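J.: next come a sequence and a model predicted from it.
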Amino acid sequence: MQVQSDFVRSLPGDPAALSVQRGRWRRWHIDLQLLLLLMALAVYGLIVLYSASDKDLDRVVRQMVYFSVAFVSMFVVAQIQVKTIRTLAPLGYLAGIVMLILVIFVGDGAKGAQRWLSLFGLIRFQPSEIMKMAAPLTVAWYLSDVVLPPKARYLAVGLMIALLPPGLIVVQPDLGTAIMIGSSGLFALWLSGIRWRYLLGGGFVVLASAWPVWQFLLHDYQRQRISTLFNPESDRLGAGWNIIQSKTAIGSGGWDGKGWLNGTQSHLDFLPESHTDFIIAVLAEEFGLIGVLLLLLIYLLIILRCAQISSLAKDTFSRLAAGSITLTFFVYVLVNMGMVSGMLPVVGVPLPLVSYGGTALVTMLASFGVLMAISTEGE
């Protein structure tokens, strides 16, 4: 009977065996539940990318290489102790600020934007990617030694930390990245328990600054994107083309879609950027509402797991950092789907772990490495 009992406990579906397996993963500072969800999302994204890139296998292979590098970076970050991450956060922030200033003066430009730095002509990268992690972690670092909710003077410093990077990024110009980085820092502030009068005051400032921002800060093409949101048919062959074609693709997919590789909007080149920012339109056309709901379910499970990690964190820094990373991931999904469906202006935000691209993918999974380090702290 004892031998039989040991055999039953060793079965793959046995709860005790699963618990042992999870314990082994956690000793490597890997949250198994989160890892499996991220891998499922990556596989789903590769399937959609193959069709969205018009069966370009080379592009899919490159994306697989990017995923490999990104998952390795996540594993490496997960091994770092939370107290070390907390110490390194402001150093990374300062380095990022210096590089963003350098971009203004000596950065490389392309398509009217100056967003890159080149190291000896060998490596070309966007310093703004560093700030996607450094900004929220630095706000969390600053507030971790402050009595919460923060008083006005601490809130002012936190706002400066959160808004300085997007201020430098807007100059490049890169409005989408600036919004996402600014939001990530503000999320850390919001999670610290800001009093309602500060929130209302901030809302008033945003409303009061809307006209000056529109008139003096936004470029002509950015104002046109916002105007096109309300009436894309006013410029069907110009600024409104992307939104019209993406909505056509989404609507034509119906309940169960046209079938994998059978989409017409992307394969006939009606849908621009089908493998990057507008990839969910391809998914909706080929897999229908069912495919979109499946994607949303995976995203929801990832967000719920990340929120659980945040709620169980052991200190203020960990809670603020995990919470801000979780909310930023949620906003990435929300903004991309909103702009592709015509509910938000097109600002060039990729769909997390589905859109083609390497740098943003590595940054995103490195952030999940921070979550895993927080999840497995002390184990």
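T.: Received it, and whenever you're ready, just let me know what you need.

J.: any weak-confidence spans in the stretch 251-379 of the chain?
T.: Confidence mapping of the stretch 251-379 of the chain against pLDDT under 70 gives the ranges 378-379.

J.: redo that, cut-off 90
T.: 251-257, 259-279, 314, 339-350, 356-360, 376-379 (pLDDT under 90).

J.: which parts of it are strands?
T.: With DSSP state E, counting those that start in this stretch applied, the stretch 251-379 of the chain shows no strands anywhere along its length.

J.: got the phi and psi for residue 117?
T.: Its backbone dihedrals place residue 117 at phi -120, psi 140, with angles given as degrees, to the nearest 10.

J.: roughly how far apart are it and residue 367?
T.: Using Cβ to Cβ, to the nearest Å, one obtains 21 Å as the distance from residue 117 to residue 367. For glycine as for every other residue, the C-beta is placed from the backbone atoms N, C-alpha and C.

J.: pick out whichever of those two has more residues nearby.
T.: residue 367 (25 against 17; other Cβ atoms under 10 Å).

J.: wait, the more buried one touches residue 130, no?
T.: No - here residue 367 lies out of contact with residue 130, judged by Cβ atoms under 8 Å, at a distance of 11.7 Å.

J.: could you pull out the helices for the stretch 101-250 of the chain?
T.: 128-143, 152-170, 175-191, 196-212, 220-230, 241-252 (DSSP state H, counting those that start in this stretch).

J.: now stretch 74-84: mean pLDDT?
T.: Model confidence over stretch 74-84, given as mean pLDDT, is 94.

J.: how long is it from one end to the other?
T.: Terminal residues of stretch 74-84 lie 16 Å apart, using Cα to Cα, to the nearest Å.

J.: who's in contact with that stretch?
T.: For stretch 74-84, the external contacting residues (Cβ atoms under 8 Å, 6 or more residues apart in numbering) are 28-30, 85, 88, 315, 317-318, 365-366, 368-370, 372-374, 376-377.

J.: what angle do the helix or strand hosting residue 93 and helix 152-170 make?
T.: Following DSSP states H and E, one finds residue 93 within helix 82-106. Computed by axes from the mean of the first three to the mean of the last three Cα atoms, to 10 degrees, the angle separating helix 82-106 from helix 152-170 equals 50 degrees.

J.: buried stuff in helix 82-106?
T.: Within helix 82-106, the residues scored as buried using 16 or more other Cβ atoms under 10 Å are 82, 85, 86, 88, 89, 92, 93, 96, 97, 99, 100, 103.

J.: just stretch 29-46 next, same as before
T.: The neighbour-count check on stretch 29-46 (16+ other Cβ under 10 Å) flags 29-35, 37-38, 41-42, 44-46 as buried.

J.: now, among those residues, which is nearest to residue 64?
T.: Taking Cβ to Cβ as the measure, residue 64 lies nearest residue 46 of those, at 6.7 Å.

J.: so what's the closest one up against?
T.: Residue 46 sits next to 60, 63, 64, 67 when contact means Cβ under 8 Å, 6+ apart.
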